[in-house]
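[1] here is a sequence together with a model predicted from it:
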Amino acid sequence: VQLIESGGGLVQAGDSLTLSCAASVRTFSNYAMGWFRQRPGKEREFVASISWNGDTTDVADSVKGRFAISRVNAKNTVYLQMNSLKPEDTAVYYCAAGPIIRRLRDHLYDYLGQGTQVTVSS
């Protein structure tokens, strides 16, 4: 399974950005998907996850109300919509795939992408 993130870049505080993650896998719907981030000098942290059919989502408290995760199984793609971005959202954002949504919050994933840089200027 290969996960390719895209959509990162440099934005200003208050802007919005949508990240995409394309998965090269035969049965994308077999996997729950998630997003993680690693801010400068900090450990990788959970951001959001979504069940195989999109019915269930889980979002970290730090971004709840500003970030939303979604997926389109027909496109083998998961998205992270980020609104009202803050400088503290600056990080490398990673896409992950795993069998069970509730395990993704505990960093129990099977596959992880290479990441895409998001930089938010003040």
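    Looks like it arrived, so ask away.
[2] what's the following helix or strand after the least confident helix or strand in the chain by mean pLDDT?
    With mean pLDDT, DSSP states H and E as the measure, the helix or strand of the chain carrying the lowest mean pLDDT is helix 101-104 (a mean of 88). Later in the chain than helix 101-104, the nearest helix or strand by DSSP states H and E is strand 111-112.
[3] chain center to that next one: distance?
    Strand 111-112 has its C-alpha centroid displaced from the chain centroid by 12 Å (Cα atoms, centre = their mean, to the nearest Å).
[4] against which helices or strands is it packed?
    Under the contact criterion of 3 or more Cβ pairs under 8 Å, 6 or more residues apart in numbering; DSSP states H and E, the helices and strands touching strand 111-112 comprise strand 2-6, strand 91-98. The way it works is simple: take the backbone N, C-alpha and C, and place the C-beta from them, glycine included.
[5] go again using 6 Å as the cut-off
    Contacts defined by 3 or more Cβ pairs under 6 Å, 6 or more residues apart in numbering; DSSP states H and E place strand 111-112 against strand 91-98.
[6] wait, Thr119 sits on Asp89?
    No. Between Thr119 and Asp89 there is no contact under Cβ atoms under 6 Å: 9.1 Å.
[7] follow-up on the earlier one: contact partners of the least confident helix or strand of the chain?
    By Cβ atoms under 6 Å, 6 or more residues apart in numbering, the list of residues contacting helix 101-104 from outside reads Ala32, Gly34, Ser49, Ser51, Thr56, Gly98.
[8] show me the contacts for the residue most central in space within the chain.
    Residue closest to the mean C-alpha point of the chain, counted by Cα atoms, centre = their mean, is Trp35 at 2.4 Å. Trp35 makes contact with Val47, Ala48, Leu80 under the criterion Cβ under 6 Å, 6+ apart.
[9] which single one of those residues is nearest to Leu112?
    Val47 (12.9 Å; Cβ to Cβ).
[10] ok, now which ones touch that closest one?
    When the contact criterion is Cβ under 6 Å, 6+ apart, the partners of Val47 are Trp35, Phe36, Arg37, Ala60.
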